[in-house]
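[1] Give me a model of this one.
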Amino acid sequence: MPSPFSLIIAGELPARFVWQDDEVVAFLTIAPIRPGHALVVPRAEVDNWQDVDASLFAQCAGVAQKIGQGQQRAFHAPRVGLIIAGLEVPHLHLHVIPMWQMADLDFARANHNPKPSDLDDAAERLRGALRELGYSAEVPAG
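    Down below sits the predicted model:
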């Protein structure tokens, strides 16, 4: 059975994509800790990060770094956190989270009922920042 992220990648479930390339995608989480909280996900369905091919993991990390640069630009965050939790969905994903304090990495603070308009705004801000950084080819239209 495909993971929810595989269904998102296939277009069977909706998502606010901010990055798409041949191997990796990034989209906003539906339960953000901070506005702009994104998930970097390989297209290949790999559950555990220790099992992923090293080159694919490096590509995921590289995309996460670019997403973080975009988050700093879009949200004026002094830092960006990177977490691999791996318990919520059985498909490797990297949480990339704009942060001002350590509490901004606390999943207990996630907003499980965000306004769709807030998610749309955060996605467009992040896409715009990524385009400004020169990644237009990988940034999908809104």
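
[2] For the protein, just list every one of the strands.
    17-20, 24-28, 38-42, 79-83, 94-99 (DSSP state E).

[3] Name the strands paired with the longest one and say parallel or antiparallel.
    The reference is to strand 94-99. Using DSSP bridges, the strands paired with strand 94-99 in its sheet are strand 38-42 (antiparallel), strand 79-83 (antiparallel).

[4] Check these for me and report the most buried one.
    strand 38-42 (a mean of 26; mean count of other CB atoms under 10 Å). For every residue, glycine as well, the C-beta is placed using N, CA and C.

[5] Could you dump the strands of the chain into CSV with distance to Asn48 added?
    As requested, those are exported to CSV (distance: least, CB to CB, whole Å):
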stretch, distance to Asn48
strand 17-20, 22
strand 24-28, 17
strand 38-42, 12
strand 79-83, 15
strand 94-99, 13
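
[6] Save the ones you listed as CSV, and put in mean pLDDT and distance to Ala108 too.
    Shown next, in CSV, are these (pLDDT from 0 to 100; distance: least, CB to CB, whole Å):
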stretch, mean pLDDT, distance to Ala108
strand 17-20, 98, 25
strand 24-28, 98, 19
strand 38-42, 98, 18
strand 79-83, 98, 13
strand 94-99, 98, 14
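
[7] That's all I had, so thanks and see you.
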